[in-house]
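Engineer: Curious how this folds, go ahead:
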Amino acid sequence: MLLPDECLPATFTSMNKKIQSALISVFYKDGLEELIDILVKNGVTIYSTGGTQAFIEKLGHSVVPVEDLTGYPSILGGRVKTLHPSVFGGILGKRDDTQHVEEMKKFKIPAIDLVIVDLYPFEETVASTTDEKSIIEKIDIGGPSMIRGAGKNFRDLVVIASKQDYAKLATILKEQDGSTTLEQRKAFAAKAFEICAHYDVAIAHYFNPGGANYFLESVNSPLPMRYGENPHQPAVFFGNLSELFTQLNGKELSYNNLVDVDAAVQLIREFDTTTFAIIKHTNVCGVAQRDTVKASWDTALAGDPESAFGGVLVCNGTIDKATAEAINEIFFEVLIAPAFDEDALAILKSKKNRILLQFLKAPARRQQYKSVLNGVLVQDTDEGSTSTWTEAGGRDCTAAEKDDLAFANIICKHLKSNAIALVKDKQLIGKGCGQTSRIDSLRQSLDKAKQFNFNTTGAVMASDAFFPFNDCVQMGHAAGISAFIQPGGSIRDKDSIDYCKENGLALVITGLRHFRH
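Structural biologist: The predicted structure follows:
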């Protein structure tokens, strides 16, 4: 067994530690060469195994095989390589503890000053296959154990658990003559524990996708925001936006931009035909469906041209030159679309801060989270718009009314409760949202329609929850509304149903409520 005498521990109390020995076992080797070169130049003894050992030796450097340290070969198909007292004693031994030092000398356990270990690619394997055997074999055991041990003993050694930190450590060792400070070692340890925690959460999700006993979520790729909802609130977004969008122009997305972009994406994914929508403070203020993108934009904007100022725009069709010229006439924060014609981009990029996002795919989100009180609320996402389609009024809907009701019901789902949406010819002509009573939301929606000179005769009305009384259908009827859609479920459903029957109005009950708070 090769045990260099200089690696045996000695009492060492300085807070700056010079690296004399390193254990390196990594899956990702990109960027490792420079760090290895620095370690070798500083006379560091390197312990390694398997592919990493071969990689270092191919660079022309000598390596002490871990098998020489443990006295055992890699066994059980590679499942057991480093799980041995000669490895973990060198990692966990405290250099300022006399008993530890004496025991390490007695058992010829070399002190390890640097641990560079990453983890088997478990998440990547889950994403690429459903073969359970392959996935289980990517659950790392030795790696997390060494990382945790090194992190625990940060006062005496450095742990690197991510390839992103190879260059950082290389710079430190070059600038500090092969030494690290206590603060640097503690910072590396903190990151290492985060990496292990993220890894364990991914494994737990695989075995129990819905979760059972703990709220377990781990999302990496932190993106600092300029500020949060308000300037005095610091904020960070965790997630990989490049999976969903390509940003073609504009400043960094703000916290409020992201909240509205999320609302826009959740709405537009509901539609298959050409649709344009305008979002303001997460609520829809304009939306329409027409044969072309330009006509859809013009009609959506007409629904509430005041609220569109400073909004987030979203479309499920290609932005062409004519549409870009029309959009360019107003101020907006963000425009989201799956594609942009080149001449359209040239027009829209005329404002350097204007955010243009090419939409790649919708997020695959099955659950929603909200922090409340001293805990977290978790619920499944609100999928679907109707459970049933029950004609309960005085007549069946016409084909045109049915189309408008389905459209209005989706819009209502994406408004803050209490919510009412008025639609005519696939255009939102009035909406009320965030009111403390449903009748107030209806008043607000009628006022909006009146403000922009819409004729509500023949329009339809959607409600996100049941009508507690028949006052909404009465007021709607008085305004010329001919058909209503609501989930039902009130003990007084019969009042609204009877009114619609008595007055020949169409009423659809969906059986699916869409509260949004």
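Engineer: which residues does the residue of the chain most remote from its centre contact?
Structural biologist: Computed with C-alpha atoms, centre = their mean, the residue of the chain farthest from its C-alpha average is residue 106, at 51.4 Å. For residue 106, the contact set (C-beta atoms under 8 Å, 6 or more residues apart in numbering) is empty. (Glycine included, C-beta is placed from N, CA and C.)
Engineer: how much space between it and residue 85?
Structural biologist: Note on residue 106: its distance to residue 85, by C-beta to C-beta, to the nearest Å, is 12 Å.
Engineer: cool, residue 363 as well?
Structural biologist: Distance of residue 363 to residue 85, computed by C-beta to C-beta: 47 Å.
Engineer: what's the answer for residue 332, then?
Structural biologist: Distance, residue 332 to residue 85, by C-beta to C-beta: 65 Å.
Engineer: hey, where'd the strands end up in the stretch 151-300 of the chain?
Structural biologist: Secondary structure of the stretch 151-300 of the chain, counting by DSSP state E, counting those that start in this stretch: strands at 158-160, 179-180, 222-224, 236-238, 245-249, 275-280, 283-289.
Engineer: I'd like those strands written out as JSON lines, with distance to residue 113, mean pLDDT and mean neighbour count added.
Structural biologist: JSON lines is the format used below for these (distance: least, C-beta to C-beta, whole Å; pLDDT from 0 to 100; neighbours: other C-beta atoms under 10 Å):
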{"stretch": "strand 158-160", "distance to residue 113": "7", "mean pLDDT": "96", "mean neighbour count": "26"}
{"stretch": "strand 179-180", "distance to residue 113": "9", "mean pLDDT": "94", "mean neighbour count": "21"}
{"stretch": "strand 222-224", "distance to residue 113": "29", "mean pLDDT": "91", "mean neighbour count": "11"}
{"stretch": "strand 236-238", "distance to residue 113": "33", "mean pLDDT": "93", "mean neighbour count": "12"}
{"stretch": "strand 245-249", "distance to residue 113": "43", "mean pLDDT": "96", "mean neighbour count": "16"}
{"stretch": "strand 275-280", "distance to residue 113": "55", "mean pLDDT": "97", "mean neighbour count": "27"}
{"stretch": "strand 283-289", "distance to residue 113": "58", "mean pLDDT": "96", "mean neighbour count": "25"}
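Engineer: neighbour-wise, which of residue 332 and residue 85 wins?
Structural biologist: Per other C-beta atoms under 10 Å, whichever of residue 332 and residue 85 has more neighbours is residue 332, with 19 against 13.
Engineer: Which helix runs longest in the protein?
Structural biologist: In the chain, assigned by DSSP state H, the helix with the most residues is helix 182-207.
Engineer: Tell me which other helices or strands that one touches.
Structural biologist: Applying 3 or more C-beta pairs under 8 Å, 6 or more residues apart in numbering; DSSP states H and E, one finds that helix 182-207 contacts helix 122-128, helix 142-152, strand 158-160.
Engineer: Give me the residues contacting the helix or strand of the chain with the lowest mean pLDDT.
Structural biologist: When the helices and strands of the chain are scored by mean pLDDT, DSSP states H and E, helix 66-70 comes last with a mean of 82. Counting by C-beta under 8 Å, 6+ apart, the neighbours of helix 66-70 from elsewhere in the structure are 1-3, 23, 25, 47-49, 53, 73-74, 81-82, 84, 86-87, 90, 110.
Engineer: Repeat that for stretch 201-218.
Structural biologist: Under the criterion C-beta under 8 Å, 6+ apart, residues 122, 123, 126, 135, 139, 197, 198, 369, 375, 376, 378 lie in contact with stretch 201-218.
Engineer: List the residues that contact the residue positioned nearest the centre of the chain.
Structural biologist: Central residue of the chain (C-alpha atoms, centre = their mean): residue 239, 4.1 Å from the mean position. Counting by C-beta under 8 Å, 6+ apart, residue 239 touches 219, 221, 223.
Engineer: shaky segments in the stretch 1-150 of the chain?
Structural biologist: For the stretch 1-150 of the chain, residues meeting the criterion pLDDT under 70 lie at 1-14.
Engineer: can you give me the helices for it?
Structural biologist: Secondary structure of the stretch 1-150 of the chain (DSSP state H, counting those that start in this stretch): helices at 32-41, 50-58, 66-70, 85-92, 98-106, 122-128, 132-137, 142-152.
Engineer: looking at the ones you listed, which is closest to residue 451?
Structural biologist: Nearest of the helices of the stretch 1-150 of the chain to residue 451, taken as C-beta to C-beta: helix 122-128 at 49.8 Å.
Engineer: that older thread, so how far is residue 261 from the residue nearest to the centre of the chain?
Structural biologist: Look at residue 239 and residue 261: by C-beta to C-beta, they are 12 Å apart.
Engineer: got TSV for the helices of the stretch 1-150 of the chain, with distance to residue 427 too?
Structural biologist: Shown next, in TSV, are these (distance: least, C-beta to C-beta, whole Å):
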stretch	distance to residue 427
helix 32-41	59
helix 50-58	62
helix 66-70	70
helix 85-92	67
helix 98-106	76
helix 122-128	41
helix 132-137	49
helix 142-152	56
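Engineer: Can you tell me which of the ones you listed is nearest to residue 287?
Structural biologist: That would be helix 122-128 among the helices of the stretch 1-150 of the chain, by C-beta to C-beta, at 34.5 Å.
Engineer: Can you show me the CA trace of that closest one as CSV?
Structural biologist: The C-alpha coordinates for helix 122-128 follow below in CSV (Å, rounded to 0.1, in the frame of the first residue of the first chain):
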residue,chain,number,x,y,z
PHE,A,122,-29.4,10.5,-11.4
GLU,A,123,-31.7,13.2,-12.7
GLU,A,124,-30.3,12.9,-16.2
THR,A,125,-30.9,9.2,-16.1
VAL,A,126,-34.5,9.6,-15.0
ALA,A,127,-35.1,12.0,-17.8
SER,A,128,-33.6,9.7,-20.4
